[in-house]
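Undergrad: Fold the following.
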Amino acid sequence: MARYKLLLLLVLILGLLTGCKVVPEEKIYDIMEQTVVKEKDFEKQQKPLTELESKEKKIFEEIMDLGMKDMEQMTKLANLALDNLKERKEKMELEQKSMIASKKEFSKIEDPIEKIESKQLKKEAQDLFQLMEKRYAFHDRLYEAYNKGIETNIQLYKLLMKKDVSMDDLENQIEITNKAYLEVLKMNEQFNEQTKKFNNEKKKFYKLAKINID
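TA: A predicted model of the protein is given here:
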């Protein structure tokens, strides 16, 4: 009798384990939601970065209005701008760190994708994976472009603090800086567009997989 009781207990345990088994689609959902959590620091940097960019623009406009008439005030403003750029660089590093953590978490999705039984759903998941990989690549390029823009701006403010700087050197550096920030705008637009595509496809995947996200 004890043997039969033990057998019954094992059957019940196996039944419970089978009932608690997480299907690949649910695992993918959990990973993607954790990926969102990993990007919280990325989100936190957006508003302060925008504010710092606006402040630096105003400082630059003040310097341009001032001209070369007051070197003492110009140097003071240029140093304020350099402090601003340093802070922006630090916040961009936090943003990049957040994206690296997000990418590491998202990479866990490959294994459950391979375990999806439905061919259609697996294809959707694979497409989703590729979209996110492209998004990470766009952010890497944005990060590089942004840092390059900061470096060109640093060079510009250092030139402005030189008493004997020529107008040709200044105009050349301003042109280099403008080109660098045009690249930043381009990369930012591509990153935002890729993010939008990913979010739309993610909703489609959840709907197809019958995952309730309400």
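
Undergrad: Would you mark the buried spots in stretch 73-81?
TA: For stretch 73-81, burial by neighbour count (16 or more other CB atoms under 10 Å) applies to Met74, Thr75, Leu77, Ala78, Leu80, Ala81. No exception for glycine: its C-beta is placed from N, CA and C like everyone else's.

Undergrad: mind giving me a markdown table with the residues you listed and columns for distance to Asp41?
TA: Listed next are these as a markdown table, based on distance: CB to CB, whole Å:
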| residue | distance to Asp41 |
| --- | --- |
| Met74 | 36 |
| Thr75 | 35 |
| Leu77 | 31 |
| Ala78 | 30 |
| Leu80 | 26 |
| Ala81 | 25 |
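
Undergrad: Does Leu142 lie in a helix or a strand, and which?
TA: helix 119-160 (DSSP states H and E).

Undergrad: Rounded mean pLDDT for that helix, please.
TA: Mean per-residue pLDDT for helix 119-160: 96.

Undergrad: change the start of the numbering to 554 and stick with it
TA: New numbering, starting at 554: the last item is helix 672-713.

Undergrad: That one packs against which elements?
TA: Applying 3 or more CB pairs under 8 Å, 6 or more residues apart in numbering; DSSP states H and E, one finds that helix 672-713 makes contact with helix 624-659, helix 663-667, helix 720-761.

Undergrad: looking at these, which is closest to Glu592?
TA: With CB to CB, the closest approach to Glu592 among the helices and strands packed on helix 672-713 belongs to helix 624-659: 4.8 Å.

Undergrad: Flag every buried residue along the closest one.
TA: Using 16+ other CB under 10 Å as the test for burial, helix 624-659 gives 627-628, 630-631, 633-635, 637-638, 641, 644-645, 648-649, 651-652, 654-656, 658-659.

Undergrad: Near Asp618, how many other residues are there?
TA: Asp618 has 8 neighbours, counted by other CB atoms under 10 Å.

Undergrad: That one in helix, strand or coil?
TA: helix (DSSP: H, G, I helix; E, B strand; the rest coil).

Undergrad: can you list the residues that contact stretch 707-726?
TA: Residues outside stretch 707-726 that contact it (CB atoms under 8 Å, 6 or more residues apart in numbering): 616, 624, 627-628, 631-632, 634-635, 638, 705, 727, 729-730.

Undergrad: Quick check: mean pLDDT of stretch 753-764?
TA: Per-residue scores along stretch 753-764 average to 92.

Undergrad: Pull that stretch out as PDB, backbone CA atoms only.
TA: C-alpha atoms of stretch 753-764 as PDB (Å, rounded to 0.1, in the frame of the first residue of the first chain):
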ATOM      1  CA  ASN A 753       4.800  48.100 -32.900                       C
ATOM      2  CA  GLU A 754       6.100  44.600 -33.700                       C
ATOM      3  CA  LYS A 755       6.200  43.700 -30.000                       C
ATOM      4  CA  LYS A 756       2.500  44.400 -29.700                       C
ATOM      5  CA  LYS A 757       1.800  42.200 -32.800                       C
ATOM      6  CA  PHE A 758       3.800  39.400 -31.300                       C
ATOM      7  CA  TYR A 759       2.000  39.600 -28.000                       C
ATOM      8  CA  LYS A 760      -1.400  39.600 -29.800                       C
ATOM      9  CA  LEU A 761      -0.400  36.600 -31.900                       C
ATOM     10  CA  ALA A 762       0.900  34.700 -28.900                       C
ATOM     11  CA  LYS A 763      -2.300  35.600 -27.000                       C
ATOM     12  CA  ILE A 764      -0.400  37.300 -24.200                       C
END
